[in-house]
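Colleague: Turn this into a structure:
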Amino acid sequence: MQSNNNPTVEGKEAIVQFLSNYWKTFTSLEHDLLNIYGSDSAFVLEALNHYKRNDGKTVTLRAVAFTDRNANGLVTSVRFYTDVAPLFEYEKPMKAARLYQIGTPLRIEEVPEPTLRPGGAIVMKLRQVKPLLSTVQLDAWALQQSW
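Modeller: Residues are numbered from 1 along each chain as shown. Model (predicted):
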């Protein structure tokens, strides 16, 4: 399986893991099938994909998927392509929780763009801002959210 310009994912377990991670980035997905071209063993599907983002907004994206099947009708290859950038665009400015010094409280700030500072990491975009006092509380709060 290949998605856009990402490396090919091979094996059932790896594909399930890839798709599971991808599906966590939005709330729901519905497809409007527009066209199917090809044969029973090799075809391309054109669709409109309607995503409901985690912030509640809906985004519709055009997509195509190329599928190959063997003589038994089992899928041997899938390659799908769509511009997912609109799915991950959020209103600006965004809220960010920043830890400036270990052992001090996190500070909630508005930022124009997510930035990665030297030695830092972007863990996850917060959908809500909660008063947080430490990284331990942030981790506990993050685990309770449905991402």
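Colleague: contacts and neighbour counts: CA atoms only from here.
Modeller: Fine.
Colleague: Now do stretch 38-53, average pLDDT.
Modeller: Here stretch 38-53 scores 93 as its mean pLDDT.
Colleague: Report the buried residues of it.
Modeller: 42, 44-53 (16 or more other C-alpha atoms under 10 Å).
Colleague: Export these to TSV and append columns for secondary structure and distance to residue 103.
Modeller: TSV is the format used below for the buried residues of stretch 38-53 (DSSP: H, G, I helix; E, B strand; the rest coil; distance: C-alpha to C-alpha, whole Å):
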residue	secondary structure	distance to residue 103
42	strand	58
44	strand	54
45	strand	53
46	strand	52
47	strand	50
48	strand	48
49	strand	45
50	strand	43
51	strand	40
52	strand	38
53	strand	34
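Colleague: Nearest to residue 10 among the residues you listed?
Modeller: Residue 10 lies nearest to residue 42 out of these, by C-alpha to C-alpha, at 18.7 Å.
Colleague: So what pairs up with the nearest residue to residue 36 once chain neighbours are set aside in the strands?
Modeller: With C-alpha to C-alpha, 6 or more residues apart in numbering as the criterion, residue 36 has its nearest non-adjacent residue at 4.5 Å, and that residue is residue 45. With DSSP bridges as the criterion, residue 45 is bridged to residue 36, residue 65.
Colleague: Tell me which stretches of this structure form strands.
Modeller: Applying DSSP state E to the chain gives strands spanning 2-3, 26-38, 42-53, 58-69, 75-82, 94-98, 107-111.
Colleague: for residue 4, what are its contacts?
Modeller: Residues counted as contacts of residue 4 (C-alpha atoms under 8 Å, 6 or more residues apart in numbering) are 79-82.
Colleague: Tell me the buried residues within those residues.
Modeller: Buried, going by 16+ other C-alpha under 10 Å: 79-80, out of the contacts of residue 4.
Colleague: Residue 70: which of the contacts of residue 4 is nearest?
Modeller: residue 79 (15.4 Å).
Colleague: Show the contacting residues for that closest one.
Modeller: Per C-alpha under 8 Å, 6+ apart, neighbours of residue 79: 1-4, 65-67.
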